[in-house]
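Visitor: just need the structure, nothing else, for what follows:
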Amino acid sequence: MPVKHVPQRMCVACRTRRPKRELLRIVLTEQGAVIDPSGRRPGRGAYVCPDKPECWAEKKLRRFAGAGAGVLSQALQTLLGSQETGANPSDLTAREARGG
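Guide: You can find the predicted model right below:
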């Protein structure tokens, strides 16, 4: 049997290439940055490593989010830091992370 193609993506923070399913997709929408667990939302998207807290740092996310990197960093830290409590990634947007 032929080997099935596995899509590869690059983390915008650490520039590591990994299989698409191992990375977390973030999409820029009119409402702000949104976590996209399905990988199918429309809009400009980027990927980050969900298991490396250093990839969630504001400085590293500026390549993708520009001035919104601070809000996006807070959203990722809130989401990925609260996965033990059962937070749903599709419910969190960067706007919600800053209280708006």
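Visitor: does residue 46 touch residue 12 like I think?
Guide: Yes. Between residue 46 and residue 12 there is a contact under CB atoms under 8 Å: 4.5 Å. In short, each C-beta sits where N, CA and C put it, glycine included.
Visitor: identify the contacts common to the two.
Guide: residue 64 (CB atoms under 8 Å, 6 or more residues apart in numbering).
Visitor: residue 80: neighbour count?
Guide: Using other CB atoms under 10 Å, the number of residues around residue 80 comes to 22.
Visitor: show me what contacts it?
Guide: For residue 80, the contact set (CB under 8 Å, 6+ apart) comprises 24, 50, 53, 56.
Visitor: of the residues you listed, which pair is most distant in space?
Guide: Using CB to CB, the contacts of residue 80 reach their maximum pairwise distance at 24 and 53, which is 12.5 Å.
Visitor: leaving out chain neighbours, which residue sits closest to residue 58?
Guide: Across the structure, with CB to CB, 6 or more residues apart in numbering as the measure, the residue nearest residue 58 apart from its sequence neighbours is residue 73 (4.1 Å).
Visitor: compute the distance between the residue found closest to residue 61 once you drop the neighbours it is linked to in the chain and residue 28, please.
Guide: For residue 61, the nearest residue in space outside its immediate sequence neighbours is residue 69; the separation is 4.1 Å by CB to CB, 6+ apart. In this structure, residue 69 and residue 28 are separated by 11 Å, where distance is defined by CB to CB, to the nearest Å.
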